[in-house]
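Student: could you work out the structure for the sequence below:
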Amino acid sequence: MSSKVNIEPILVTGAAGFIGAALVKKLLSFGLKVIGIDNINDYYETSLKKSRLKEIDNISQKNGEWIFYQISVENNNLLSDVMNSHSPKVVVHLAAQAGVRYSITNPSAYIQSNLVGFGNILEGCRENNISNLIYASSSSVYGGNKNLPFYEEQPVNHPVSLYAATKKSNELMAHTYSHLYGIPTTGLRFFTVYGPWGRPDMAPMIFAKSILNDQPIKVFNYGKMHRDFTFIDDIVEGVIRCCYKPASIDLTFDPLNPNPSTSSSPYRIFNIGNSNPVPLNYFIELLEENLGKKAKKKFEPIQPGDVVATAAKMNLLSSWVDYKPTTSIEDGVYSFCKWYLEYFEDNF
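Tutor: Just a heads-up that it's a prediction; the model follows:
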């Protein structure tokens, strides 16, 4: 990372979310000015989001400058007011309706947040001449692809959930703005992020809660699943490195044989994962070991929208910003469980 590049102020959307809050805390620890946006919706417990914001407030009293707005990115008028008032140099867009399974029963939430909201972000970047937009894509875009590890040059034209389709749409929308308006855009395809302050709708939190309360956990596809679990600190490190290096034109781009991950416009797509897929059953064993209790397992078929395995090929992001995850699954699960036992100590 280069301190010579001025990235202040930084706008982070989804600032009360799992990744967003961890990113904001790290940026503030560097003494940077950060503007945060989050609508604090009730997709999961708002108490957890408010606790994350309290942690941010505590850090901001010692380091950096922190300004927070409780608004939705779907509200273009309020979003424009914030962006026009602060003229951020870098935007990290993490706000979205998350969750693969929820998208099957509540598709309209994804249309509004992930498509309309992202369109508003792009317009705000155009109006304010943003020098660097980093946004959250997802490993879900690879859909039913069985050619592992997943790499960015692969076609991703067959999503198996609306959530994945909205993330692929974000990549297409971003390219259009890079092409038409010269906005540098970097899409990061996150691979199964876990760690302290995680999302309650994801497996680590669901499993931990059930194990500690002697309730059965649902193990889908009868446990025959692999995930490229990536620790939150490693994710944050990769995002910050991209803040200091905007996307640039690929001078080797060949329109006769186009590379989906680059362009003749300032546009880049990167996997951001651990590049070390873990069997789901081993992940459960680590949870049992660190929580001190055995899980009651209920084996079930794979769920609609799920994929059997994910694995990230990481050479592109590694060569772009010298990114390399450093947290082993054993250390990561230990850190997660330590936090979980402390945060929810009164719940079991």
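
Student: how far does stretch 175-191 sit from its chain's centre?
Tutor: Going by CA atoms, centre = their mean, to the nearest Å, the spacing between the C-alpha centre of stretch 175-191 and its chain's C-alpha centre is 16 Å.

Student: buried set for it?
Tutor: 175, 177-178, 181, 183-191 (16 or more other CB atoms under 10 Å). Backbone N, C-alpha and C define where each C-beta goes, glycine included.

Student: and which of the residues you listed is nearest to Pro255?
Tutor: Distance ranking of the buried residues of stretch 175-191 against Pro255, using CB to CB, places His175 first at 13.4 Å.

Student: which residue packs closest to the closest one, ignoring adjacent ones?
Tutor: Spatial nearest neighbour of His175, chain neighbours left out: Tyr267 (5.0 Å); criterion: CB to CB, 6 or more residues apart in numbering.

Student: check which helix or strand covers the closest residue to Ser140 other than its chain neighbours.
Tutor: The shortest distance from Ser140 to any residue other than its chain neighbours is 3.8 Å, reached at Ala164 (CB to CB, 6+ apart). In the assignment (DSSP states H and E), Ala164 maps to helix 162-181.

Student: got the angle between the helix or strand hosting Gly117 and helix 162-181?
Tutor: Secondary structure assigned from DSSP H and E places Gly117 in helix 117-127. Between the axis of helix 117-127 and that of helix 162-181 there is an angle of 20 degrees, by axes from the mean of the first three to the mean of the last three CA atoms, to 10 degrees.

Student: which strands and helices lie in contact with the helix or strand just after helix 117-127?
Tutor: Counting by DSSP H and E, the next helix or strand C-terminal to helix 117-127 is strand 132-138. Strand 132-138 sits against strand 90-93, helix 117-127, helix 162-181, strand 185-190, helix 232-243, with contacts defined as 3 or more CB pairs under 8 Å, 6 or more residues apart in numbering; DSSP states H and E.

Student: so what touches strand 132-138?
Tutor: 7, 14, 19, 89-94, 96, 118, 121-122, 125, 163-164, 167-168, 170-171, 174, 183-190, 239, 242-243, 246-247, 269 (CB atoms under 8 Å, 6 or more residues apart in numbering).

Student: please state the offset of that strand from the chain centre?
Tutor: On CA atoms, centre = their mean, the centre of strand 132-138 falls 9 Å from the chain's centre.

Student: one more: stretch 149-162?
Tutor: On the basis of CA atoms, centre = their mean, stretch 149-162 sits 17 Å off its chain's mean C-alpha point.

Student: for the stretch 151-300 of the chain, what spans make up the helices?
Tutor: Per DSSP state H, counting those that start in this stretch, the stretch 151-300 of the chain has helices spanning 162-181, 203-212, 232-243, 280-291. These are given in chain order.

Student: now the longest one - C-alpha only, CSV.
Tutor: The C-alpha coordinates for helix 162-181 follow below in CSV (Å, rounded to 0.1, in the frame of the first residue of the first chain):
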residue,chain,number,x,y,z
LEU,A,162,-31.2,-14.1,-8.1
TYR,A,163,-28.6,-12.8,-5.6
ALA,A,164,-25.8,-14.1,-7.9
ALA,A,165,-27.6,-12.6,-10.9
THR,A,166,-27.7,-9.1,-9.2
LYS,A,167,-24.0,-9.3,-8.5
LYS,A,168,-23.2,-10.2,-12.1
SER,A,169,-25.4,-7.3,-13.1
ASN,A,170,-23.3,-5.0,-10.9
GLU,A,171,-20.2,-6.0,-12.8
LEU,A,172,-21.9,-5.3,-16.1
MET,A,173,-23.2,-1.9,-14.9
ALA,A,174,-19.8,-1.0,-13.5
HIS,A,175,-18.1,-1.7,-16.8
THR,A,176,-20.6,0.5,-18.6
TYR,A,177,-19.7,3.5,-16.3
SER,A,178,-16.0,2.7,-16.7
HIS,A,179,-16.4,2.7,-20.5
LEU,A,180,-18.6,5.8,-20.8
TYR,A,181,-17.4,8.0,-18.1
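
Student: and that helix with strand 132-138, angle?
Tutor: Using the same axes, to 10 degrees, one finds that helix 162-181 and strand 132-138 are set 160 degrees apart in direction.

Student: ok and helix 162-181 relative to strand 185-190, angle-wise?
Tutor: Computed by the same axes, to 10 degrees, the angle between helix 162-181 and strand 185-190 is 160 degrees.

Student: residues contacting helix 162-181, please?
Tutor: By CB under 8 Å, 6+ apart, the surrounding residues in contact with helix 162-181 are 96-100, 102-104, 107, 110-111, 114-115, 118-119, 122, 125-126, 133, 135-138, 140-141, 143, 156, 159, 183-185, 187, 189, 247, 263, 265-267, 269, 305.

Student: are any of these buried, and which?
Tutor: For the contacts of helix 162-181, a neighbour count by 16+ other CB under 10 Å gives the buried set as 96-100, 102-103, 107, 110-111, 114-115, 118-119, 122, 125, 133, 135-138, 140-141, 143, 156, 159, 183-185, 187, 189, 247, 263, 265-267, 269, 305.
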